[in-house]
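# 3D model of this:
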Amino acid sequence: MTTDHRDDNRMTEKRKPQRLTPANLREAVLNYLDRFVASTKRLDQVMTRKIRASAAAHGDDPAPLLEALPPILASLAAQGVLNDRHLAEAKARAMIRRGGSRAKILHNLAGKGIDAATASAALARMAQEFDNPELEAATAFARRRRLGPFRPDPASRPENRQKDLAALARAGFSGGIARQVIGAAGGDDLDNPADD
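A predicted model of the protein is given here:
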């Protein structure tokens, strides 16, 4: 079987990165933001990598583009297009609802390029939105994983207690929160906690 060299050339051309120029750099940044939600730091990393790949592929000097990138990012931040605080709050909110512990949220935000101060502020904001963010997240985690009061067979709860506590601990929840969730009589007790 022979290979058509024209097809090989087309495949090579398809993989070649877009040529970035000072004229189209802002558009490339906006195109990336249309597809992905990113922090300022993460966007800077991605675009720097794209600039270097484009320059290497096309034999261009990356310096002018690397110099043009920070003002573009600053402009987008000033316009509110890039907002690390809103991104951190949205991610934290979603993770709490899915069952993410405080530790897991902080780790995830750091991986997204959110600085520690912004991540901590987002978690402080969650404390205003949720009655008890860590308990609500642990409850969501237990419900999703069918642990403790959410086990389909309530008779199996005592024999699985340690296993359920360990699952919550591995997910980053404290022992007190884990015992509160696993020890609840039923899921309704956690969904509608009595006022203290």
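# Name the residues of stretch 158-178 that come out as buried.
By neighbour count with 16 or more other Cβ atoms under 10 Å, stretch 158-178 contains the buried residues N160, D164, L165, A167, L168, A171, G172, F173, I177, A178. (Each C-beta comes from the backbone N, C-alpha and C, glycine too.)
# Would you check which pair of the residues you listed lies furthest apart?
N160 and G172 (19.9 Å; Cβ to Cβ).
# can you give me phi and psi for the closest residue to Q45 other than its chain neighbours?
Closest residue to Q45 apart from its sequence neighbours, by Cβ to Cβ, 6 or more residues apart in numbering: G113 at 7.0 Å. Phi and psi for G113, reported as degrees, to the nearest 10, are phi 90, psi 20.
# Would you map out the domains in the chain?
Segmentation of the chain into domains, based on automatic domain parsing, reads 17-78, 84-129, 133-191.
# and those as CSV, adding mean pLDDT?
Below are those laid out as CSV (pLDDT from 0 to 100):
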stretch, mean pLDDT
domain 17-78, 94
domain 84-129, 96
domain 133-191, 92
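# Please report how far the residue nearest to Q45 lies from V37.
Distance, G113 to V37, by Cβ to Cβ, to the nearest Å: 11 Å.
# Those two: who's more crowded?
The neighbour comparison of G113 against V37 (other Cβ atoms under 10 Å) goes to G113, with 18 against 12.
# Quick check, the more buried one in contact with R42.
Yes - G113 lies in contact with R42 (Cβ atoms under 8 Å); the separation is 3.7 Å.
# Among the buried residues of stretch 158-178, which ones are in helices?
Counting by DSSP state H, the part of these found in helices is N160, D164, L165, A167, L168, I177, A178.
# Show me which of those residues is closest to R102.
Closest to R102, out of all of these and judged by Cβ to Cβ, is I177, at 9.7 Å.
# Tell me which residues touch the closest one, please.
By Cβ atoms under 8 Å, 6 or more residues apart in numbering, I177 lies in contact with E134, L135, A138, L168.
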